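Engineer: Here's a sequence, model it:
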Amino acid sequence: MAGSDDKDLDATFHALADPTRRAILDELAKRDGQPLFEICVRLVEGRGMSLTRQAVSKHLTVLESADLVEVRWEGRTKLHSGKLSAHLPRLIGWLSKHEQEGDVECESS
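Structural biologist: Take a look at the predicted model:
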């Protein structure tokens, strides 16, 4: 049975596996505290990604669930900030552990 650390790591890798979510995190790294509309504009203008607000909102929900995005409210505006750097030590630790163990090749039957 997987522990909570494994589940957290799984959620993080799942969230990072999608190129759109990585693009959103890249945009949030440039400037924290962005509303949904601004994120959408940055994805269209800066990356040529044509996504609906609903699609971006769903991606943000996945990132929030993985604790990679922090939300704060300013009046009626929901502002998003990236939290990827808070996860780097854990991700690097996991990757380093496997680097030290060496890659294991599976034999094909």
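Engineer: which residues of this protein fall in helices?
Structural biologist: Assignment of helices within the chain using DSSP state H yields the ranges 4-16, 19-30, 36-47, 53-65, 84-101.
Engineer: Can you check what angle separates the longest one from helix 19-30?
Structural biologist: Going by axes from the mean of the first three to the mean of the last three CA atoms, to 10 degrees, helix 84-101 is angled at 120 degrees with respect to helix 19-30.
Engineer: between helix 84-101 and helix 53-65, how many degrees?
Structural biologist: Using the same axes, to 10 degrees: helix 84-101 against helix 53-65 is 60 degrees.
Engineer: what does helix 84-101 rub up against?
Structural biologist: 8-9, 12, 25, 29, 67-68 (CB atoms under 8 Å, 6 or more residues apart in numbering). Yep, even glycine has a C-beta here, placed from its N, CA and C like the rest.
Engineer: tally of neighbours for V69?
Structural biologist: Other residues near V69 come to 22 when the count uses other CB atoms under 10 Å.
Engineer: If I look at the closest residue to it other than its chain neighbours, what pLDDT would I see?
Structural biologist: Spatial nearest neighbour of V69, excluding adjacent residues (CB to CB, 6 or more residues apart in numbering): L63 at 4.1 Å. As summarised for this prediction, L63 has a pLDDT of 97.
Engineer: Nearest residue to A29 in space, ignoring adjacent ones along the chain?
Structural biologist: The shortest distance from A29 to any residue that is not its chain neighbour, by CB to CB, 6+ apart, is 5.3 Å, and that residue is G82.
Engineer: For beta bridges, what are the partners of that neighbour?
Structural biologist: Each beta-bridge partner of G82 is listed here: V69, as defined by DSSP bridges.
Engineer: No further queries at this time; thank you.
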